[in-house]
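Colleague: Any chance you can model this:
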Amino acid sequence: MQVPALKEASNQMDRNIEAIQREFAGVRTGKASPALLDAVQVEAYESRMPLNQTATITAPDPHMLVVQPWDANLVGAVAKAIQSADLGLNPSVDGNLVRVSIPPLTEERRREMVKVLHKYAEEGRVAVRHQRHKAKSEIERQVKEGELGEDEGRRELDALQKLTDEHIARIDELLTHREAEIMEV
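Modeller: Numbers count the residues shown, from 1 in each chain. So this is what the prediction gives:
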């Protein structure tokens, strides 16, 4: 039997891992990836919208992204949004397309990207530990109020720690993999 607090913590930790994967996907490597533009917000229809909700993004080769807005009137806004997104990219308008050349990263820029990855990973670890803390408090409350026996509570706390360690190890594994991709020349 799994205590609801443990199940909830597991679900939240899984969501934290998914969030880390999305954050890591947005960090630039030397290769073109549509996920690189996920954080770009376009000024469209009098509101700010994610780029991927206003255009199709493709990577025809490892050093080029092609953005095709669904509405041809948004080409300028898309180019401006990519330019101002602080990704170090210079888009060029080509008719109804926006071409984004992905320049090779300098060693210094690679190291900056790795620092960003480490920051995201630490935020992920903190989020996982926060979930552990919440679940631990709930299990301790249940033991105190007699809803769980002391032995069962101890087993649940051990399972919670094991779950936490697994999720933190997964974050570290994702970090190592992504860091190797960025540092690859």
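Colleague: just the helices in the chain please.
Modeller: Taking DSSP state H as the test, the helices found in the chain are 4-25, 75-83, 107-144, 150-183.
Colleague: how about the nearest residue to the residue nearest to the spatial centre of the chain, chain neighbours excluded?
Modeller: Nearest to the mean C-alpha position of the chain, counting by C-alpha atoms, centre = their mean, stands residue 23 at 2.0 Å. Distances taken as C-beta to C-beta, 6 or more residues apart in numbering place residue 120 nearest to residue 23, at 4.4 Å, with adjacent residues excluded. Glycine gets a C-beta too; all of them are placed from N, C-alpha and C.
Colleague: if we can go back for a sec, may I see the helices of the chain organised as JSON lines, with distance to residue 91 and mean pLDDT added?
Modeller: Output for the helices of the chain, formatted as JSON lines (distance: least, C-beta to C-beta, whole Å; pLDDT from 0 to 100):
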{"stretch": "helix 4-25", "distance to residue 91": "20", "mean pLDDT": "90"}
{"stretch": "helix 75-83", "distance to residue 91": "4", "mean pLDDT": "88"}
{"stretch": "helix 107-144", "distance to residue 91": "18", "mean pLDDT": "92"}
{"stretch": "helix 150-183", "distance to residue 91": "22", "mean pLDDT": "93"}
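Colleague: would you turn the ones you listed into CSV with distance to residue 93?
Modeller: Formatted as CSV, the helices of the chain follow (distance: least, C-beta to C-beta, whole Å):
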stretch, distance to residue 93
helix 4-25, 26
helix 75-83, 5
helix 107-144, 25
helix 150-183, 29
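Colleague: Noted, bye for now.
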